[in-house]
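1. Output the structure for:
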Amino acid sequence: MIPNSRAIWILFGLFLSGLCLWLFLRDTNWEELSLALRKADYVYVLPAVLVTFLTYLVRGIRWELLILPIKKVSFMNAFSAISIGFMANHLLPARAGEIIRCVVLSKKEDMRTTGVFATVVMERLLDSVSLIIFATVVLAALTHHGPGQFYPDTSTTSNPAGGDMLLFNQLKRGIVILGGVCLVTVVILIFLDVYKEKAVGLVDRLFFFLPHAVKDRLLHLLESFVQGMKVLKNIRQVLWLSFLSFGLWILFVVAMVILGYSFEIEIPFAGMCFVCICISLAVALPQAPAYIGVFHFAVQKSLEIFHVALPVAQSFAIVLWAISIFTSVALGTFFLWKEGLSFSQIVKVQGVSDKNIG
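-> Got it, this is the predicted structure:
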C-alpha cells in the first residue's frame, strides 16, 4: 500500500471510530451506566477471560496447521507470534499486527516472510467463509422466530420492530457482500493453483511497466501464495481447519454468554451469536486502534433488538471490550518479554515488514 493511501485509510478509520463512539455515547445516562457497572456480578469475568484465552490457543493450532505444507513449525513459536501480532493489531493502526506476526515467526523459524503471509491470507479466508455459514444459520434461526417473540414487551426499547428488521436486512446484505468477496477470492486462488504458470505469465504481462526488481518481488509473492495453499489439497486437514474455524466462533459466543450473566442479560444463544456476528463485521472495517467506538456501537445496537436496556448494553460492551483488549495485550506483552523484544522494536518491524511483503 502506498503511503498516501495508507494515510487515507488510517484517517478514515479514525473518523469512523470517532463517529461510532459519539453514537455510542450520545444518549448515555451516566448515572444509570455507572449503576449498571456497579451492580454487575464480576465473578463471571474470569471464566470469560479464560475462554477468550482459549481462542488464542485455537488460533495458534490452526495457524501451525496452515503453515505445515511450507514447514513444520513449533506450536509455541506460532502461538508467540500470533499473540504479539494480535496485540499489535489492537495497539497499532492499519492491522499492522498481521504482517508483524509473519515477520516474528519467519525470523524464529528461518522462513520467507511472503510464504508465511500467504498462510495469514488463507486464515482470513477461512474466518470469512466460516462466518458466512455461521451467520446464515443464525439469521435463519432468528428470522424464523423473530427477535420480538423472545421479548414481546417493547416498552424498554426505543427501536420499533421495523428497526429490528432493518438491522437484520442490513446484516444480510453485509453477509452477501462478504460472500461475494470470498467467492471471487476462492476463484482467484483456484486459478493460481491450477494455472500457476499462466498466472505468473499474466502478471508478468499486466505489470510490464514496473521496474524489474519490483516485478520479480511481485511474482515471488504470487508463488508464495500458491505454496501457502497446499494445505487445502489434504481433505483431512481441510476438515480439521474447518472444525477449528467454527470452534472459534462458538468459543467467542460462549465467552459472551458467560459475561452476560454478570449483567443478567438473558437472550437466546442464537441472539448472542447474532451479537458476535455484528461485532465481527464491524471490526473488519477500517477504524482506530483497539476497535474503539466501532466495537462498542456494534454491541449496543445488536443488543437493542433483544430489548436489552441501554445502560446494560453499554456496560456489557465496555466490559467485553476490556476483556478482549486485556487478554490480547497481556498475552502479547508476555511473549514480547519471553522473546526479549520491546514494543518499540515491533513498531520498527512494521516498516521493515512492509518492504518484505510488498
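
2. Show me where the stretch 51-200 of the chain dips below the pLDDT cut-off.
-> Scanning the stretch 51-200 of the chain for pLDDT under 70 picks out the ranges 143-172, 174, 178-179, 182, 185-186, 189-190, 192-196, 200.

3. Which residue ranges of it form helices?
-> 75-91, 96-109, 113-145, 147-150, 161-194, 196-206 (DSSP state H, counting those that start in this stretch).

4. try the stretch 251-358 of the chain
-> Taking DSSP H, counting those that start in this stretch, the helices of the stretch 251-358 of the chain run over residues 269-283, 294-304, 310-339, 343-357.

5. nearest to residue 272, of the helices of the stretch 51-200 of the chain?
-> Across the helices of the stretch 51-200 of the chain, the minimum distance to residue 272, taken as CB to CB, is reached by helix 113-145, at 9.6 Å. From N, CA and C alone the C-beta is placed, and that goes for glycine too.

6. Turn the helices of the stretch 51-200 of the chain into a markdown table, columns for mean neighbour count and distance to residue 324.
-> Formatted as a markdown table, these follow (neighbours: other CB atoms under 10 Å; distance: least, CB to CB, whole Å):
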| stretch | mean neighbour count | distance to residue 324 |
| --- | --- | --- |
| helix 75-91 | 23 | 8 |
| helix 96-109 | 23 | 14 |
| helix 113-145 | 19 | 16 |
| helix 147-150 | 16 | 24 |
| helix 161-194 | 14 | 21 |
| helix 196-206 | 13 | 38 |
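
7. For residue 23, find the nearest of those.
-> Nearest to residue 23 among these is helix 161-194; the distance by CB to CB comes to 13.8 Å.

8. hang on, the earlier thing: so can I have TSV of the helices of the stretch 51-200 of the chain showing distance to residue 35?
-> What follows is those, written out as TSV (distance: least, CB to CB, whole Å):
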stretch	distance to residue 35
helix 75-91	29
helix 96-109	36
helix 113-145	30
helix 147-150	25
helix 161-194	26
helix 196-206	60
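
9. quick one: which of those is nearest residue 276?
-> Each of the helices of the stretch 51-200 of the chain was checked against residue 276 via CB to CB, and the shortest separation belongs to helix 113-145, namely 8.5 Å.

10. between the closest one and helix 96-109, how big is the angle?
-> Taking axes from the mean of the first three to the mean of the last three CA atoms, to 10 degrees, helix 113-145 and helix 96-109 form an angle of 130 degrees between their directions.

11. which strands and helices sit next to helix 113-145?
-> helix 45-67, helix 96-109, helix 161-194, helix 212-228, helix 235-262, helix 269-283, helix 343-357 (3 or more CB pairs under 8 Å, 6 or more residues apart in numbering; DSSP states H and E).

12. Show me what the second one is packed against.
-> Applying 3+ CB pairs under 8 Å, 6+ apart, one finds that helix 96-109 makes contact with helix 75-91, helix 113-145, helix 343-357.

13. again with the first one
-> Applying 3+ CB pairs under 8 Å, 6+ apart, one finds that helix 45-67 makes contact with helix 75-91, helix 113-145, helix 235-262, helix 310-339.

14. Okay, buried residues for the third one please.
-> The one in question is helix 235-262. Counting neighbours by 16 or more other CB atoms under 10 Å, one finds that the buried residues in helix 235-262 are 237, 241, 244-245, 247-249, 251-260, 262.

15. Highest mean neighbour count out of the helices of the stretch 251-358 of the chain?
-> Comparing the helices of the stretch 251-358 of the chain by mean neighbour count (mean count of other CB atoms under 10 Å), helix 294-304 ranks first with a mean of 24.

16. Give the rounded mean pLDDT of it.
-> Summarised as a single mean, pLDDT over helix 294-304 is 94.

17. follow-up on the earlier one: distance to residue 191 for the helices of the stretch 251-358 of the chain - can I get that in JSON lines?
-> Formatted as JSON lines, the entries for the helices of the stretch 251-358 of the chain read as follows, by distance: least, CB to CB, whole Å:
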{"stretch": "helix 269-283", "distance to residue 191": "27"}
{"stretch": "helix 294-304", "distance to residue 191": "34"}
{"stretch": "helix 310-339", "distance to residue 191": "36"}
{"stretch": "helix 343-357", "distance to residue 191": "22"}
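
18. Contacts only, for the nearest residue to residue 295 once chain neighbours are set aside.
-> The shortest distance from residue 295 to any non-neighbouring residue, by CB to CB, 6 or more residues apart in numbering, is to residue 321 (5.2 Å). Under the criterion of CB atoms under 8 Å, 6 or more residues apart in numbering, the neighbours of residue 321 are 290, 291, 295, 296, 299.

19. who's in contact with the last one?
-> I take that to be residue 299. With contacts defined as CB under 8 Å, 6+ apart, the neighbours of residue 299 are 275, 278, 279, 313, 316, 317, 320, 321.

20. what's the closest non-adjacent residue to residue 181?
-> For residue 181, ignoring the flanking residues on the chain, the nearest one in space by CB to CB, 6+ apart is residue 128 at 7.4 Å.

21. And that neighbour, how close does it get to residue 177?
-> If you measure residue 128 against residue 177 using CB to CB, to the nearest Å, the figure is 11 Å.

22. Same check on residue 326?
-> Between residue 326 and residue 177 the distance, using CB to CB, works out to 32 Å.

23. Over to residue 86?
-> Distance from residue 86 to residue 177, counting by CB to CB: 25 Å.
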